[in-house]
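S.K.: Here is the input, now give the coordinates:
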Amino acid sequence: MSIELFNQLEQKVANAVESLEMLKMEAEELREENARLKQEHQEWERRLNGLLEKFRELESSETSVS
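M.R.: Here you go, the predicted structure:
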C-alpha cells in the first residue's frame with residue numbers, strides 16, 4: 001500500500017469519526033428537545049383538561065338550575 005493511499009484512508013477514517021461525533025451530539029440535542037416537547041405537551045394537556053372540567057361543571061350547574 002502506498003503512503004498516498006494510506007493517507008487517504010486515514011483522512012477518510014478521521015472524517016467518519018468526526019461525522020459520528022457530530023451525529024451523536026445532534027442526537028443528544030434532539031433527545032433533549034423531545035423531552036422538553038413532551039413536558040410541554042403534558043402541561044398543555046393538563047391545562048386543557050382543567051378547562052374542560054370547568055366547562056363540565058358549568059354545564060352541570062346550568063342543568064341543575066333549569
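
S.K.: all helices of the protein, in order?
M.R.: Along the chain, the segments classed as helices by DSSP state H run 3-65.

S.K.: Which residue lies nearest the spatial centre of this protein?
M.R.: In the chain, the C-alpha nearest the mean C-alpha coordinate belongs to N34, at 1.3 Å (Cα atoms, centre = their mean).

S.K.: So that residue versus M22, what's the distance?
M.R.: The gap separating N34 from M22 is 18 Å, by Cβ to Cβ, to the nearest Å. No exception for glycine: its C-beta is placed from N, CA and C like everyone else's.

S.K.: ok, back up a step: report the contact partners of the residue nearest to the centre of the chain.
M.R.: If a contact means Cβ atoms under 8 Å, 6 or more residues apart in numbering, then N34 has no contacts.

S.K.: Tell me the pLDDT of it.
M.R.: With respect to pLDDT, N34 scores 98.

S.K.: where does this structure have low pLDDT?
M.R.: Across the chain, the ranges flagged by pLDDT under 70 are 1, 66.

S.K.: try 90 this time
M.R.: Applying pLDDT under 90 to the chain picks out residues 1, 59-66.

S.K.: count of residues packed around E4?
M.R.: Each residue near E4 was counted by other Cβ atoms under 10 Å, and the total is 8.

S.K.: swap in the one 3 residues further on?
M.R.: The burial metric for N7, expressed as a neighbour count using other Cβ under 10 Å, is 10.

S.K.: contacting residues for it?
M.R.: Taking Cβ under 8 Å, 6+ apart, one finds nothing in contact with N7.

S.K.: That one and K38, how far apart?
M.R.: Counting by Cβ to Cβ, the gap from N7 to K38 is 47 Å.

S.K.: and if you look at M22?
M.R.: Applying Cβ to Cβ to M22 and K38 gives a distance of 25 Å.

S.K.: Same check on V65?
M.R.: Distance from V65 to K38, by Cβ to Cβ: 41 Å.

S.K.: All set, thanks.
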